[in-house]
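1. Show me how the following folds:
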Amino acid sequence: MKYICLGYLEPGKFEGMSDDERNATLDECFEYNDHLRANGHLIAEVPLQPPETALTLYWKDGKVATTDGPYAETKEQLGGILILEARDLNHAIQLLSQHPGGMKYELGPNEIRPVADLSEIIKESEQRRRKDSSR
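-> Residues are numbered from 1 along each chain as shown. Okay, here's the model as predicted:
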């Protein structure tokens with residue numbers, strides 16, 4: 001089963017490290033990601049640029065509007081996403097709990113969510129749309 005892991009960063013924690021600390025953190029995190037990938041558990045890793053580069057898109061009165069910055073106003077900011085393949089939630093927790101970014105360096109919390117399987121819903125929608133277009 002696939003799990004999305006949202007990695008949050010406490011503002012200033014990473015930036016407050018010395019170059020040696022930052023390099024050691026990155027090296028250990030990437031090494032662990034290599035281990036996950038080699039064992040078939042890491043499907044994708046998606047680092048994000050800083051929150052100040054975010055743009056939030058929303059709809060107001062039937063029109064698209066935007067605002068600078070991330071949608072959520074929180075202490076921690078979303079830093080990246082991992083997609084893991086795990087037997088179950090406990091296995092995903094086990095895999096992520098060993099990641100040096102959290103375990104050793106405590107850069108911020110992680111959120112784990114199972115990926116929704118929409119294959120049946122998509123199939124039903126396709127059938128309805130085919131039926132509607134054949135009229």
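2. Tell me who's in contact with Asp68.
-> Contact analysis of Asp68 by CB atoms under 8 Å, 6 or more residues apart in numbering lists Glu52, Ala54, Leu55, Thr56. Placement of C-beta: from N, CA and C, glycine included.
3. hmm, try it at 10 Å
-> Contacts for Asp68 were tallied using CB atoms under 10 Å, 6 or more residues apart in numbering; they are Glu52, Thr53, Ala54, Leu55, Thr56.
4. what's the spacing between stretch 29-46 and its chain's center?
-> 14 Å (CA atoms, centre = their mean, to the nearest Å).
5. Reformat the contacts of Asp68 as JSON lines; add pLDDT, distance to Gly12 and neighbour count.
-> Output for the contacts of Asp68, formatted as JSON lines (pLDDT from 0 to 100; distance: CB to CB, whole Å; neighbours: other CB atoms under 10 Å):
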{"residue": "Glu52", "pLDDT": "86", "distance to Gly12": "13", "neighbour count": "9"}
{"residue": "Thr53", "pLDDT": "90", "distance to Gly12": "17", "neighbour count": "10"}
{"residue": "Ala54", "pLDDT": "89", "distance to Gly12": "17", "neighbour count": "16"}
{"residue": "Leu55", "pLDDT": "89", "distance to Gly12": "22", "neighbour count": "10"}
{"residue": "Thr56", "pLDDT": "89", "distance to Gly12": "22", "neighbour count": "12"}
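6. can you tell me which of these lies nearest to Leu26?
-> The shortest approach to Leu26 among the contacts of Asp68 belongs to Thr53, at 19.5 Å (CB to CB).
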